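Q: After the sequence you'll find the predicted model.
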Amino acid sequence: MGVKQIACGSGHTVVLTGEGEVYTWGRGDDGRLGHGDNGWKYVPRLTHSLTGQVVTHVTCGSYHTAAVSSNGDLYTWGGGMYGKLGHGNESGHSTPRRVETLVGLSIVDIACGSRHTAVVTNKGCLYTWGDKENGVAGHGDTEGHQYTPKLLERLSGKKVVQLSACGFHTGCLTDIGEVYTWGEGKFGRLGHGAERNCHSPRLVESLLGKRPIQIACGGFHSAVVTQDGKMFTFGGGEHGQLGHGDKVNKVKPTLVQALDGIFLQQITCGWSHSVALTSKGEVYTWGNGDHGKLGHGSGKKVSTPQLVEKLVGQNVVRVASYNEHTACLIEPHSVTSTGGSRRAAPGTMVPVCAGFLHDMGEMVNDEEYSDVTFVVEGRPVYALRAILAKRCEHFAAMFRSGMRECEEGAEIPIPNMSYPVFLLILEYLYTDSVKIELEHAVELYIASDLYQLSTLRDMCCVVVRRSIGSENAAYLLQSASEAHCHVMKDIAMEYIVANFDVISKSDGIKAVSHGLLLEILSLRP
């Protein structure tokens with residue numbers, strides 16, 4: 001089973017597979033594993049409540065967990081204290097539950113602290129909720145809790161591309177290379193030159209011009225990696241977690257000299273330790289070694305980065321950590337034509353960040369980045385042949401066919417498809433995700449079946465099963481029947497038959513043809 005992402009919480013671990021399934025294990029207190037109970041799980045177990053969803057991103061806080069589905073919806077579960085689940089109260093949930101106030105937005109990145117949660121939308125907008133004490137939520141006030149997601153006004157004019165949270169503070173990165181931090185400032189972990197709390201996002205001025213590409217927040221410290229592979233740390237140094245060879249706090253970002261000359265591609269911070277992944281797939285750790293979380297074979301503290309010898313020869317592509325453990329993903333060795341094993345080239349699996357996916361989405365229907373033009377409902381749609389051919393065999397065969405319509409400069413007509421649905425097809429091909437509205441689900445199902453996009457087709461069914469209700473089931477049945485989409489028709493029919501007493505009294509039943517009505521009645525027990 002291919003693993004796409006791994007995340008560490010306080011005593012629990014979450015894994016996302018390449019098929020979009022979520023597995024969890026470890027401490028089950030507060031329902032943080034999502035299995036409907038508080039029991040501990042000693043081996044990975046599938047989160048059955050998410051079955052049918054195609055999950056694209058997962059993360060953990062101390063006592064709660066979050067996941068994003070392929071259509072941009074956010075699900076949270078675990079301890080609900082301080083309102084950090086975003087469901088309007090402090091109730092906990094032992095199975096994943098959709099955050100309803102975010103429906104209609106497309107979430108692309110999430111971060112969980114001990115008492116709060118933050119998300120970024122595909123437009124680069126940042127929403128936070130949870131504890132307000134010491135400015136943790138970032139909305140400028142410090143009394144009480146924020147029980148539902150709220151737009152962070154301070155950054156409303158910025159485009160956020162990466163996000164991190166841990167403990168009681170948060171950091172984010174904008175598309176122009178600015179780093180903002182907020183929350184509890186103790187130990188200097190916000191990087192502003194003092195230990196004062198910050199009640200709303202504030203620019204880390206000393207990082208201007210350093211071209212940061214990632215920020216990672218730990219329990220008592222923070223770290224930033226730059227475009228040229230350098231690492232800066234700041235905050236609490238009591239356990240040596242800053243990597244400067246001492247145990248001194250730093251109130252401003254300070255270059256980790258011991259790693260200078262080693263190109264870093266990802267960092268992660270636990271509560272009292274740090275982990276760095278190099279472009280060669282090697283891992284360095286330092287800080288508090290209790291519980292063996294540094295991987296050096298002992299529980300000793302280390303104040304300068306040390307290579308994890310046990311991972312030498314492996315090609316690590318992703319690291320994750322929290323307060324008690326560390327985990328990494330390793331790219332499997334490839335098999336040669338002679339049957340031998342060969343290690344993949346270092347760095348061939350670089351994690352895709354939200355900023356990259358956003359930029360790919362921006363290229364959809366952009367004439368500047370196109371070499372083929374389609375015509376849908378009389379309107380031009382621009383695309384790049386290479387992406388379409390690589391991601392979809394239908395288009396690959398079309399471009400190989402030598403059809404006159406496919407020649408350079410020609411326009412390719414797309415009959416029997418609406419303009420919005422064709423754009424959704426392109427968005428899926430460019431970004432591997434798409435937000436599916438119920439009004440487009442039937443036509444998108446037919447289009448994805450035509451283009452042999454089975455995952456997208458299945459996603460349409462998931463959306464319909466989740467969104468169908470007494471107010472829309474009849475309309476869905478009629479449109480599916482008229483489109484000769486038997487799968488969608490069966491889903492709608494099954495729902496209507498099971499809930500006929502309610503639906504028969506709704507206005508929607510008037511949309512159902514006489515023939516379909518007879519079919520419904522014939523299926524009733």
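A: Structure's in. What do you need? Here the structure is a predicted model, which is why all the values come from computation and not from measurement.
Q: shouldn't Tyr419 be in contact with Phe374?
A: No. Using CB atoms under 8 Å, Tyr419 is not in contact with Phe374, being 10.0 Å away. (Each C-beta comes from the backbone N, C-alpha and C, glycine too.)
Q: which residues are common contacts for the two?
A: Counting by CB atoms under 8 Å, 6 or more residues apart in numbering, the common neighbours of Tyr419 and Phe374 are Val381.
Q: mind checking the SS state of the residue most central in space within the chain?
A: Centroid-nearest residue in the chain: His57, 3.1 Å away (criterion: CA atoms, centre = their mean). For His57, the assignment made with DSSP: H, G, I helix; E, B strand; the rest coil gives strand.
Q: Ignoring the adjacent residues along the chain, who's closest to it?
A: Excluding its sequence neighbours, the residue lying closest to His57 (CB to CB, 6 or more residues apart in numbering) is Val68, at 4.3 Å.
Q: Could you give the number of residues near the one you found?
A: A count of nearby residues for Val68, using other CB atoms under 10 Å, gives 24.
Q: contacting residues around it?
A: Residues in contact with Val68 (CB under 8 Å, 6+ apart) are 55-58, 74-75, 107-108, 110.
Q: Output the helix or strand encompassing Val251 as CSV, nothing but the C-alphas.
A: Element membership for Val251 (DSSP states H and E) is strand 250-255. Output in CSV follows, covering the C-alpha atoms of strand 250-255 (Å, rounded to 0.1, in the frame of the first residue of the first chain):
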residue,chain,number,x,y,z
LYS,A,250,17.0,33.0,20.5
VAL,A,251,14.4,35.7,20.1
LYS,A,252,15.3,36.2,16.4
PRO,A,253,15.9,33.7,13.5
THR,A,254,19.5,32.5,13.7
LEU,A,255,21.3,30.5,11.0
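Q: contacts for that strand?
A: 188, 191-195, 204, 206-207, 210, 224, 230-235, 237, 242, 244.
Q: mind listing the helices for the chain?
A: 354-362, 385-391, 393-400, 419-431, 438-450, 454-467, 473-482, 486-498, 500-503, 514-523 (DSSP state H).
Q: From Asp29, how far off is Tyr63?
A: Distance, Tyr63 to Asp29, by CB to CB, to the nearest Å: 7 Å.
Q: Tell me which of these two has more neighbours.
A: Neighbours were counted for Tyr63 and for Asp29 using other CB under 10 Å; Tyr63 has more, 23 against 17.
Q: What sits closest to that one if chain neighbours are left out?
A: Closest residue in space to Tyr63, ignoring its immediate chain neighbours: Gly79 at 3.8 Å, by CB to CB, 6+ apart.
Q: and that neighbour, how many residues sit next to it?
A: Number of residues near Gly79 (other CB under 10 Å) recorded here: 23.
Q: Could you do Ser274 as well?
A: For Ser274, using other CB under 10 Å, the count is 31.
Q: re earlier: partners of the strand holding Val251 in the sheet?
A: Partner strands for strand 250-255, per DSSP bridges, with pairing direction: strand 231-235 (antiparallel).
Q: Only C-alpha atoms, please: export the partner strand in PDB.
A: Listed next in PDB are the C-alpha coordinates belonging to strand 231-235 (Å, rounded to 0.1, in the frame of the first residue of the first chain):
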ATOM      1  CA  MET A 231      17.900  26.700   8.100                       C
ATOM      2  CA  PHE A 232      17.100  29.400  10.700                       C
ATOM      3  CA  THR A 233      15.700  28.600  14.200                       C
ATOM      4  CA  PHE A 234      14.400  30.700  17.000                       C
ATOM      5  CA  GLY A 235      12.700  30.300  20.400                       C
END
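Q: residue contacts, the residue nearest to the centre of the chain?
A: His57 is in contact with 5, 16, 67-68, 108-110, counting by CB under 8 Å, 6+ apart.
Q: which one of these is nearest Arg391?
A: Arg391 has its nearest neighbour among the contacts of His57 in Val108, at 19.0 Å by CB to CB.
Q: How about the contacts made by that closest one?
A: Taking CB under 8 Å, 6+ apart, we find Val108 in contact with 57, 68, 72, 120-122, 354, 357-358.
Q: Flag whichever of those residues scores worst on pLDDT.
A: Ranked by pLDDT, the contacts of Val108 bottom out at Ala354 (55).
Q: got any residues that touch both of Tyr63 and Asp29?
A: Common neighbours of Tyr63 and Asp29 (CB under 8 Å, 6+ apart) are Gly79.
Q: still on that earlier bit, can you check which of the helices of the chain gets nearest to Cys328?
A: Here helix 354-362 is closest among the helices of the chain (CB to CB), at 21.1 Å.
Q: What ranges in this structure fall below the confidence cut-off?
A: Low-confidence segments of the chain (pLDDT under 70): 1, 333-355, 402-409.
Q: One more pass at 50, please.
A: Where the chain drops to pLDDT under 50, the residues are 334-351.
Q: Kindly reformat the contacts of Val68 as a markdown table containing distance to Gly515.
A: Shown next, in a markdown table, are these (distance: CB to CB, whole Å):
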| residue | distance to Gly515 |
| --- | --- |
| Val55 | 39 |
| Thr56 | 40 |
| His57 | 44 |
| Val58 | 46 |
| Leu74 | 41 |
| Tyr75 | 39 |
| Ile107 | 41 |
| Val108 | 44 |
| Ile110 | 47 |
